[in-house]
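> sequence isn't available, so here's the structure alone:
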Ligand SMILES: NC(=O)C1=CN([C@@H]2O[C@H](COP(=O)(O)OP(=O)(O)OC[C@H]3O[C@@H](n4cnc5c(N)ncnc54)[C@H](OP(=O)(O)O)[C@@H]3O)[C@@H](O)[C@H]2O)C=CC1
Ligand SMILES: O=C(O)[C@@H]1CCC=N1
């Protein structure tokens, strides 16, 4: 480690005080009990807040600083009257806050305390922080816990820098959803080779560039929203600039996590996600799968970033292609049906514009009722259907046209196409 780097590891009073205030504010008493003391998420929250305040420490450095402070606290407890019981310079400044944190956490008895005491280290070894092995975050931390932790820190996302590579319809849809949350336009940067799609981002107050590398350099979360056949090209271009600071989220249909991980540097946090266009009106349906290095808290962060886009779910990667058929492409199937409904009305003599606005309201109303009641579609269908009435005559006509089978085939065909794109992203692809 060179001298400049070692210097960077020296904490000054202001920085340490801020760090402790953040930990206190995060209410460690509730969140860090025993085994969860090293919960990555909390340190990540602290990391984001420190970064926002202009202090650029890695999560591991924060953990190590905490370890030192705890060590000093225990030394002090053991021999309160001994002079300079710790090597942390100016320890007296932090003692009060440390006591406030530690003594609201648990009494100084019990096995956890003993195990904490074993963590005692000297400040001299601070420079070795990056080499320390920290246990993985506890597997028993379910998503609910993580969501709670993130909710505790409502400003967390607002400091995140978000980048989009590709300025097409999907990037725009996700951006609109993100902006409905607490991310400000000035924290978003979008790139595309031409200006033709960039204007609408500018109108939202978002910065634009033609440089994908600039987007990576200025972002914590990078959405890659180019067509699937361009993914290898774009990832090869940005790969030298991707670091452990980044979460790379691909929205490209079919492109697998294995492909992303093969091109990006080892240890890159990758997430594969399939959104859909209604993100634009905060009614999207999004499914994501985490890559090898993406932890639960990375998924929780993505969820909290996108929750204004609509329904956000996590699942195994094998469901991503199915979700593409069901929902990514599925919205287009619904539009086709809406169009056909309107055309049926036009055929029967209704003016086109009225027919289309009634068709869209019908799709919206049917969808909301389906979602909000949680009823099975067949149940709602039967509630509309009077015996011998109009609806059953119409449904009969639809069944004769094979609408159910052809819709199932449409989902199947789109799923298979996504799987093909995953095998050969460029195969038969048209822009
Ligand atoms: N549209 C949808 O409903 C959905 C799309 N997706 C996925 O989202 C991705 C994007 O789709 P969509 O938004 O529809 O596509 P668009 O064609 O609307 O947008 C593609 C964007 O990529 C940009 N681009 C092209 N080459 C590069 C490059 N080398 N570097 C940076 N940007 C580049 C284009 O630039 P320019 O503006 O200059 O042309 C354009 O802005 C696809 O992978 C698709 O599978 C997923 C779910 C739904
Ligand atoms: O048609 C496509 O390939 C993209 C993916 C899902 C929706 N649109």
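Perfect, I can see it now. This is a predicted model, so every value here is computed, not measured. Ligands and ions are numbered 1, 2, ... in the order given.
> domain map for this structure?
According to automatic domain parsing, the chain comprises the domains 3-140, 157-319, 330-423.
> need the winner for burial among those.
domain 157-319 (a mean of 19; mean count of other CB atoms under 10 Å). To be clear about C-beta, it is placed using only N, CA and C from the backbone, and glycine gets the same treatment.
> thought residue 274 was touching residue 320?
Yes: between residue 274 and residue 320 there is a contact at 5.3 Å, judged by CB atoms under 8 Å.
> before we move on, back to that, least reliable of the domains of the chain going by mean pLDDT?
Mean pLDDT values for the domains of the chain show the minimum at domain 3-140, a mean of 65.
> of the domains of the chain, which is nearest ligand 2?
domain 157-319 (3.7 Å; CB to the nearest ligand atom).
> what touches both of residue 274 and residue 320?
Among the neighbours of residue 274, those also in contact with residue 320 (CB atoms under 8 Å, 6 or more residues apart in numbering) are 287, 288.
> looking at the domains of the chain, which is closest to ligand 1?
Among these, if distance is taken as CB to the nearest ligand atom, the winner is domain 157-319, at 1.8 Å.
> now that closest one, how far from the centre of its chain.
Remark: domain 157-319 is offset 9 Å from the chain centroid, using CA atoms, centre = their mean, to the nearest Å.
> close to ligand 1, is it?
Yes: residues of domain 157-319 contacting ligand 1 under CB under 6 Å from any ligand atom: 165-171, 191-194, 196-197, 212, 225-228, 230, 233-234, 251-253, 274-277.
> can you tell me which of those residues are in helices?
Applying DSSP state H to the residues of domain 157-319 next to ligand 1, the entries found in helices are 169, 170, 171, 212, 233, 234.
> closest one of the residues you listed to residue 398?
residue 169 (30.0 Å; CB to CB).
> for the closest one, which non-adjacent residue is closest in space?
Leaving aside its chain neighbours, residue 169 sits nearest to residue 277 (6.4 Å; criterion: CB to CB, 6 or more residues apart in numbering).
> show me the contacts for the one you found.
So residue 277 contacts 169, 170, 173, 284, 331 (CB under 8 Å, 6+ apart).
> okay, and residue 289 sits in which element?
Assigned by DSSP states H and E, residue 289 belongs to strand 284-290.
> let me fix that: residue 363
helix 352-373.
> what's that helix packed up against?
When contacts are defined as 3 or more CB pairs under 8 Å, 6 or more residues apart in numbering; DSSP states H and E, helix 352-373 packs onto helix 330-347, helix 377-384.
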